[in-house]
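In: Okay, sequence plus prediction incoming.
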Amino acid sequence: MLDMASIVIPTYNESKNLPIIVYKLQEISARIADQVEIVVVDDNSPDGTGKIADDLALRYGNITVVHRPSKMGVGTAVHEGIRTAKFEHIVMMDADLHHQPEFVPTIATPLQDYEIVIASRFIERSGMAASSFQRRMATKTGNWLARSLLHLGVRDYTHGFRGYQKKAFLECYSPRDTGGEFNLRILVEARKRGFRILEVPYHSEHMGKSKMRDWVKYLWLLIKVPLTP
């Protein structure tokens with residue numbers, strides 16, 4: 001188990017879900033690390049998520065809230081959250097309840113030995129469910145293309161439920177990637193630098209909505225990056 005860990009949660013209109021996630025993380029915090037910090041990055045949610053995050057911070061004492069002026073993209077939100085985080089070992093998760101808080105310890109623990117840990121939906125003992133056939137096929141196709149073109153030894157390129165060593169993330173992150181496509185470039189840059197990547201089996205019961213502009217950026221990035229790291 002880690003001595004210290006930070007959990008970064010980008011939010012936009014998650015007023016109903018955020019208290020549930022925070023409560024569950026507090027419940028299992030002893031399984032994550034001796035000290036656990038939660039960093040909420042809110043993009044000025046119209047539904048008052050930022051105010052709820054502030055109230056939770058007052059209640060629990062281990063929550064830092066970053067208020068941003070507008071919706072600026074999940075990539076920049078994760079970057080700002082990781083820069084703000086106090087600890088070296090960090091887990092990034094969504095606030096829409098698609099990422100199970102109970103799985104955070106499984107991602108966090110290997111960060112002692114690996115720079116990146118991915119909750120993978122495409123390795124043995126893992127799985128994926130989605131609300132539509134089209135969503136499942138888009139995710140499977142995107143990952144198949146990435147595996148075919150990049151040869152990084154990774155099975156799940158797009159899942160955002162991940163752990164990072166802070167220094168490695170900041171070295172690999174590109175400010176050009178404002179949306180979810182940053183998940184791909186991080187892996188390319190990590191392999192170039194010889195960072196260690198581990199995939200742990202994860203069964204995703206639900207999947208959030210993907211934005212078409214993110215998929216366009218993702219596919220364009222696949223074309224631009226070299227075929228080998």
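Out: Noted; the coordinates are in hand. Numbering: from 1, shown residues only.

In: which SSE is residue 19 in?
Out: In this assignment (DSSP states H and E), residue 19 forms part of helix 17-27.

In: quick one: buried residues of that helix?
Out: 17-19, 21-22, 25-26 (16 or more other C-beta atoms under 10 Å). Quick note: C-beta positions are derived from backbone N, CA and C, even for glycine.

In: For the residues you listed, could you give me CSV that also reports distance to residue 170 and pLDDT?
Out: Below are the buried residues of helix 17-27 laid out as CSV (distance: C-beta to C-beta, whole Å; pLDDT from 0 to 100):
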residue, distance to residue 170, pLDDT
17, 28, 97
18, 25, 98
19, 30, 98
21, 25, 98
22, 25, 98
25, 23, 98
26, 27, 98
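
In: closest to residue 157 among the residues you listed?
Out: Of all the buried residues of helix 17-27, residue 21 has the smallest distance to residue 157: 24.6 Å, by C-beta to C-beta.

In: I'd guessed residue 64 sits against residue 36; true?
Out: No - Residue 64 is beyond contact range of residue 36, at 11.8 Å (criterion: C-beta atoms under 8 Å).

In: what about residue 4, neighbour count?
Out: 15 (other C-beta atoms under 10 Å).

In: Would you mind getting the angle between the helix or strand encompassing it and helix 17-27?
Out: Here residue 4 sits within strand 2-11, counting by DSSP H and E. Comparing the axes of strand 2-11 and helix 17-27 via axes from the mean of the first three to the mean of the last three C-alpha atoms, to 10 degrees yields an angle of 170 degrees.

In: Show me the strands paired with strand 2-11, marking each as parallel or antiparallel.
Out: Using DSSP bridges, strand 2-11 pairs in its sheet with strand 33-42 (parallel), strand 89-92 (parallel).

In: longest helix in this structure, by residue count?
Out: When the chain is scanned for its longest helix (criterion: DSSP state H), the result is helix 133-150.

In: Counting by contacts, list what the helix or strand just after the helix holding residue 19 packs against.
Out: Next in sequence after helix 17-27, counting helices and strands by DSSP H and E, comes helix 29-32. Using 3 or more C-beta pairs under 8 Å, 6 or more residues apart in numbering; DSSP states H and E as the contact test, the elements touching helix 29-32 are strand 2-11, helix 104-108.

In: and the helix holding residue 19, how far from the chain's centre?
Out: 16 Å (C-alpha atoms, centre = their mean, to the nearest Å).

In: could you say what helices and strands that helix packs with?
Out: strand 2-11, strand 33-42, helix 49-60.

In: Indicate which one of those is closest to residue 164.
Out: Using C-beta to C-beta, the helices and strands packed on helix 17-27 put strand 2-11 closest to residue 164, at 8.9 Å.

In: Next, the buried residues of that closest one.
Out: Applying 16+ other C-beta under 10 Å to strand 2-11 flags 2, 5-11 as buried.
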